[in-house]
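> Got a predicted structure here, sequence first:
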Amino acid sequence: MNWRWFLILGSALAVGGCADDSMKDLKAYAEEVKSRPGGPLKPVPEFKPAETYTYDPADRRSPFIMQEAETEATQAVAGTGPRPDPNRRREELEQFPLDTLRMVGILEQNNQTWGLVQSKEKTIYRVQPSNYMGQNHGKINRISEDQIELTELIPDGIGGYIERRANLALAGTEGSEKR
């Protein structure tokens, strides 16, 4: 029983020893800041009401419905030019943006040249002409010692696609570039 009293007494002394007046300067500073006079408040800014416009639909076309002539023109333009094959099976490197891929070398075997491409996860893939990579349907045209040349299909904004040449340069040279 005595040891419990010693433990309680020791705890009380330890807590009491921590209660010194070392925060006196902090309290004085807080009181000094509170006693300073307040400055003038800035006036609330004045908001001008927005101008209203009343749309009178008499003899005007709806701005939300595309007219037949515009639809036909868009379909005519969208129907021409290159298109990606929707039935083609996507390849592994098509999940990565082209600027995250790096050419790290080439491999020649049985008169076949392969490009070595590293993803951002540090996985190395072997590619050859006619393979695809990048998120814009980039088809590899040519592999040389210092770069991989490909053609991408970029949406033109009106339902069609345009071709864009791109290069993936050997890492340590110029980096990847687009022409």
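Noted; the coordinates are in hand. Numbers count the residues shown, from 1 in each chain.
> Tell me which residues touch residue 92, please.
Applying CB atoms under 8 Å, 6 or more residues apart in numbering to residue 92 gives the contacts residue 125. Just so you know, the C-beta spots here come from the backbone N, C-alpha and C atoms, and that holds for glycine as well.
> Mind pulling up the pLDDT for it?
For residue 92, the pLDDT comes out at 93.
> ok, now residue 6?
Model confidence at residue 6, given as pLDDT, is 69.
> quick one, helices of this protein?
2-17, 24-35, 68-78 (DSSP state H).
> Show the low-confidence segments of the chain, by residue range.
Using pLDDT under 70 as the threshold, the predicted model of the chain has low-confidence ranges 1, 6, 13-21, 66-80, 173-179.
> quick one: the strands in it?
Assigned by DSSP state E, the chain shows strands spanning 102-109, 112-118, 124-127, 132-133, 138-143, 147-155, 161-169, 177-178.
> Can you say which of these is packed in most?
Stretch with highest mean neighbour count among those: strand 132-133 (a mean of 24; mean count of other CB atoms under 10 Å).
> ok, that one: who's next to it in the sheet?
If you go by DSSP bridges, strand 132-133 pairs up with strand 138-143 (antiparallel).
> Give me the residues contacting the partner strand.
The contact list for strand 138-143, computed with CB under 8 Å, 6+ apart, reads 94, 98, 106, 113-115, 127-133, 148-152, 166.
> got a list of what the residue most central in space within the chain touches?
Centroid check for the chain by CA atoms, centre = their mean gives residue 97 as the closest residue, at 10.8 Å. With contacts defined as CB under 8 Å, 6+ apart, the neighbours of residue 97 are 134, 135.
> Kindly recompute the last result at 6 Å.
residue 135 (CB atoms under 6 Å, 6 or more residues apart in numbering).
> Please report how far residue 60 lies from residue 51.
Using CB to CB, to the nearest Å, one gets 19 Å for the distance from residue 60 to residue 51.
> Look at the two and report which has more neighbours.
The neighbour comparison of residue 60 against residue 51 (other CB atoms under 10 Å) goes to residue 60, with 8 against 5.
> State the phi and psi torsions of that one.
With angles defined as degrees, to the nearest 10, residue 60 shows backbone torsions of phi -130, psi 150.
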